[in-house]
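1. Quick one: sequence plus predicted model below, questions after.
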Amino acid sequence: MTTKPQRTKILIVGAGPTGLGAAWRLQELQQDTDWLIVDASEKPGGLASSVVDKEGFTWDLGGHVLFSHYDYFDQVLNECMSGEWVEHQREAWVWVRDQFIPYPFQNNIWRLPPPDLVSCLEGLLSVHNKPAMPLRSDSFEDWIYRNFGTGLAHIFFIPYNYKVWAYHPKKVSACWIQERVATVDLSRILKNLVLRKDELGWGPNSVFRFPLKGGTGVIWKRVAEQLPQNRLLMGRALTRVNAKLRQAELSDGTLIEYEYMISCIPLNSLVKMVEGVNLDVTPEKFLYSSTNLIGIGLEGKPPDELKTKCWMYFVEDQFPFYRVTVFSNYSQFNVPKPGEQWSLLCEVSESADKSVDHATLKEDVIAALQEIKIIDDHKIVSTWQTRLEHGYPTPFLGRDQIIEPLNNKLTEHGIFSRGRFGAWKYEVSNQDHSFMQGVEAIDHILFGTEELTYFQPSAVNSGKKRPRRKPLQREAKLRSEK
Ligand SMILES: Cc1cc2nc3c(=O)[nH]c(=O)nc-3n(C[C@H](O)[C@H](O)[C@H](O)COP(=O)(O)OP(=O)(O)OC[C@H]3O[C@@H](n4cnc5c(N)ncnc54)[C@H](O)[C@@H]3O)c2cc1C
């Protein structure tokens, strides 16, 4: 590193929701703190950005549903989006045994063929009212067997979760579950069985909103537009970090001296760039999965069966995708000719344990959609395909034992690794969590307040929305001058 370095107090690496949260907070506080944000990409939004394909269809990088645990996050989005939303009632379905079953699957097993239903009920009864058994490990597999019994585990939970995570649930920890998987309410299941009643509304994101135009990415574009543009260094990647000297090198050779760095890039990539301190960590231990996305733009209208569905989960092996979103149902403007076209967004996971044949993937996806008549005689007018190397940060067994000491070492040197892959905490890796990790990191640096989302995921996910005090500008200024 020989060029004369630029100086900044806070260097934010990554202009996805986390980095933008940090930048937003700094801008809002209007203090004298000097800050910069750099991103390898030319446009902001990271994994939460959207693209328009050559035929004019809009695609998200995976079906994004906006849900919030924070008033602060809602206020920022309201301010940026000026009411340009479409509201949706979530309708999620599971395709299994040649039929659709409403999600959450376990509450709607009355729809299963009798032998499967009996096996699910036997399993549920065998675990019901049993004293909490000590777990052999804290694996997700054990958690599944313990909560749902063998029938539901074999028919749905094990095969489906292998498809999503691209690792067998025995390699995944149960630490992330909390609000993300509906647990068992046996009386409810039995009631639905007797009354032959569907139940669709469970969970935190039963109602969600989606941008009217531009896909999820428009949110982050608008957030970025409100920031001082001279502080955004786009199209430049972080390549090296001398943690001891607090110096960062970018792909164009720029050197930046910082006091604090908020890094939102994948933690396993960051540790490979860090020099000057011994982090004592093996990046290969960080398990993650990649996500392949295949968008299909179609002429006409969706089949009646899909008209109100948001997304569908697929359990069995013959379907390459774990989820298909009826993306045109999120907004009519996700297609170039609203009312005359519709679209499907398919997600296929991939990892060292689950390979994907990229050469045939698009054809395999289309064939599977045709097999179950989701696409019938519809004319396909557009196909779009991309692959996200970092899709899901796997909550692998032993994750926290690696992350905690690593975070301590990094923060000792002024580096806060935050966000979906920065923190590597799946339980707080959605857009709202990520944005707030950025906000809270700034508050911690400037005011010493606790980073609740990073350190206490269960508290923020507990259901109650978190109000947020806005520190007085004067207070912020005084503290930063200390
Ligand atoms: C398939 C899928 C489905 C999802 N569904 C939902 C959902 O339904 N609801 C929801 O709220 N969230 C969802 N998410 C998560 C959402 O996308 C993330 O919460 C959010 O994007 C995380 O923001 P981030 O800033 O932490 O990371 P990212 O969005 O990954 O941003 C990181 C940024 O760092 C940049 N970068 C990387 N390396 C470098 C480097 N060396 N130098 C400089 N810059 C670099 C990247 O270009 C990127 O802009 C989903 C994600 C995926 C993949």
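-> Everything's here; your move.

2. Excluding covalently adjacent residues, which one is nearest to the residue of the stretch 301-450 of the chain found nearest the ligand?
-> Going by Cβ to the nearest ligand atom, the ligand is nearest to G419 of the stretch 301-450 of the chain, at 2.3 Å. No exception for glycine: its C-beta is placed from N, CA and C like everyone else's. Counting by Cβ to Cβ, 6 or more residues apart in numbering, T18 is the residue found nearest to G419 once chain neighbours are left out, at 3.1 Å.

3. can you tell me how far the one you found sits from G46?
-> From T18 across to G46, the span is 8 Å (Cβ to Cβ, to the nearest Å).

4. Please identify which helix or strand holds Q385.
-> Assigned by DSSP states H and E, Q385 belongs to strand 380-393.

5. same check, this time on S343
-> Per DSSP H and E: strand 341-350 holds S343.

6. centre of the chain versus that strand, how much separation?
-> The chain centre lies 16 Å from the centre of strand 341-350; the measure is Cα atoms, centre = their mean, to the nearest Å.

7. Which SSE is immediately downstream of it?
-> Moving toward the C-terminus from strand 341-350, the next helix or strand (DSSP H and E) is helix 361-371.

8. Show me what counts as buried in that following helix.
-> Neighbour-count burial for helix 361-371, with 16 or more other Cβ atoms under 10 Å as criterion, is recorded at 361-362, 364-366, 368-369.

9. same check, this time on stretch 397-415
-> Residues of stretch 397-415 classed as buried under the neighbour-count rule (16+ other Cβ under 10 Å) are 397, 399-400, 402-403, 406-407, 409-411, 413-415.

10. What of stretch 351-359?
-> Under the neighbour-count rule (16+ other Cβ under 10 Å), stretch 351-359 has 351, 354, 356 buried.

11. Quick one: mean pLDDT over stretch 197-213.
-> Average pLDDT, stretch 197-213: 83.

12. Look up which residues are beta-bridged to V51.
-> Assessed by DSSP bridges, V51 has beta-bridge partners W59.

13. Looking at it now. What's its pLDDT?
-> We have a pLDDT of 98 for V51.

14. burial measure for it, as a count.
-> By the criterion of other Cβ atoms under 10 Å, V51 has 17 neighbours.

15. if we can go back for a sec, the residue nearest to G419 - how many residues pack around it?
-> Neighbours around T18, by other Cβ under 10 Å: 35.

16. would you put the C-alpha positions of whichever helix or strand it is part of in PDB?
-> Using DSSP H and E, T18 maps to helix 17-29. Extracted in PDB, the C-alpha atoms of helix 17-29 (Å, rounded to 0.1, in the frame of the first residue of the first chain):
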ATOM      1  CA  PRO A  17     -29.900  -2.600   3.300                       C
ATOM      2  CA  THR A  18     -27.300  -2.900   6.100                       C
ATOM      3  CA  GLY A  19     -24.900  -0.300   4.700                       C
ATOM      4  CA  LEU A  20     -27.700   1.900   3.700                       C
ATOM      5  CA  GLY A  21     -29.100   1.700   7.200                       C
ATOM      6  CA  ALA A  22     -25.800   2.800   8.600                       C
ATOM      7  CA  ALA A  23     -25.500   5.600   6.100                       C
ATOM      8  CA  TRP A  24     -29.100   6.700   6.700                       C
ATOM      9  CA  ARG A  25     -28.600   7.000  10.400                       C
ATOM     10  CA  LEU A  26     -25.400   9.000   9.900                       C
ATOM     11  CA  GLN A  27     -27.200  11.400   7.600                       C
ATOM     12  CA  GLU A  28     -30.100  11.700   9.900                       C
ATOM     13  CA  LEU A  29     -27.900  12.600  12.800                       C
END
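
17. what packs against the next helix-or-strand element following that helix?
-> The helix or strand immediately downstream of helix 17-29 is strand 35-39, counting by DSSP H and E. Packing partners of strand 35-39 (3 or more Cβ pairs under 8 Å, 6 or more residues apart in numbering; DSSP states H and E): strand 6-13, helix 17-29, strand 232-234.

18. ok so, going back, in the helix holding T18, what's buried?
-> Within helix 17-29, the residues that qualify as buried are 17-26, 28-29, counting by 16+ other Cβ under 10 Å.

19. show me which of those residues neighbour the ligand.
-> Filtering the buried residues of helix 17-29 for proximity to the ligand by Cβ under 6 Å from any ligand atom leaves 17-19.

20. coming back round to it: which secondary structure elements does the strand holding S343 sit against?
-> If you count contacts as 3+ Cβ pairs under 8 Å, 6+ apart, strand 341-350 packs onto strand 58-60, helix 158-165, strand 288-299, strand 323-325, helix 327-330, helix 361-371, strand 380-393.

21. ranking those by burial, who's on top?
-> Ranked by mean neighbour count under mean count of other Cβ atoms under 10 Å, the helices and strands packed on strand 341-350 are led by strand 58-60, which reaches a mean of 26.

22. For that strand, give the mean pLDDT please.
-> Averaged over strand 58-60, pLDDT sits at 98.

23. Give me the contact status of it with the ligand.
-> No - contact of strand 58-60 with the ligand (Cβ under 6 Å from any ligand atom) is absent, the minimum separation being 7.7 Å.

24. Which positions in the chain make contact with the ligand?
-> Contact residues (Cβ under 6 Å from any ligand atom) of the chain with the ligand: 13-19, 38-41, 46-48, 61-62, 64-66, 237-238, 264-265, 291, 347, 388, 391, 419-422, 429-431, 434.

25. Pop the domain breakdown of the protein in here.
-> What automatic domain parsing lists as the domains of the chain is 6-49+216-285+396-481, 92-195.

26. Tell me which of those domains sits most buried.
-> Of those, domain 6-49+216-285+396-481 is the most buried (mean count of other Cβ under 10 Å), at a mean of 20.

27. Which residue, other than its chain neighbours, is closest to L193?
-> Nearest one to L193, counting by Cβ to Cβ, 6+ apart, is W110 at 4.1 Å.

28. Just confirm that neighbour is within a strand.
-> No - assessed by DSSP: H, G, I helix; E, B strand; the rest coil, W110 does not belong to a strand; its assignment is helix.

29. Can you get me a residue count around the closest residue to L298 other than its chain neighbours?
-> Nearest in space to L298, with sequence neighbours left out and distances taken as Cβ to Cβ, 6+ apart, is H378 at 4.4 Å. By other Cβ under 10 Å, 19 other residues sit near H378.

30. Am I right that H378 is in contact with G300?
-> Yes - here H378 reaches G300: they are 5.4 Å apart, a contact under Cβ atoms under 8 Å.

31. Am I right that L410 is in contact with V281?
-> No - at 9.9 Å, L410 does not count as touching V281 under the criterion of Cβ under 8 Å.

32. partners of the host helix or strand of V86, with directions?
-> In this structure, V86 sits in strand 85-89 according to DSSP H and E. Counting by DSSP bridges, the strands paired with strand 85-89 are strand 207-211 (antiparallel).

33. After the strand it pairs with, which helix or strand is next?
-> helix 217-225.

34. related to what we said a few turns ago, quick one, what contacts the residue nearest to L193?
-> Taking Cβ atoms under 8 Å, 6 or more residues apart in numbering, we find W110 in contact with 117, 192-193, 196-197.

35. Looking at those residues, which two lie furthest apart in space?
-> L117 and K197 (14.6 Å; Cβ to Cβ).

36. In JSON lines, list the buried residues of helix 17-29 along with distance to D71 and pLDDT.
-> Output for the buried residues of helix 17-29, formatted as JSON lines (distance: Cβ to Cβ, whole Å; pLDDT from 0 to 100):
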{"residue": "P17", "distance to D71": "17", "pLDDT": "98"}
{"residue": "T18", "distance to D71": "19", "pLDDT": "98"}
{"residue": "G19", "distance to D71": "21", "pLDDT": "98"}
{"residue": "L20", "distance to D71": "18", "pLDDT": "98"}
{"residue": "G21", "distance to D71": "14", "pLDDT": "98"}
{"residue": "A22", "distance to D71": "18", "pLDDT": "98"}
{"residue": "A23", "distance to D71": "20", "pLDDT": "98"}
{"residue": "W24", "distance to D71": "15", "pLDDT": "98"}
{"residue": "R25", "distance to D71": "14", "pLDDT": "97"}
{"residue": "L26", "distance to D71": "20", "pLDDT": "97"}
{"residue": "E28", "distance to D71": "14", "pLDDT": "96"}
{"residue": "L29", "distance to D71": "18", "pLDDT": "94"}
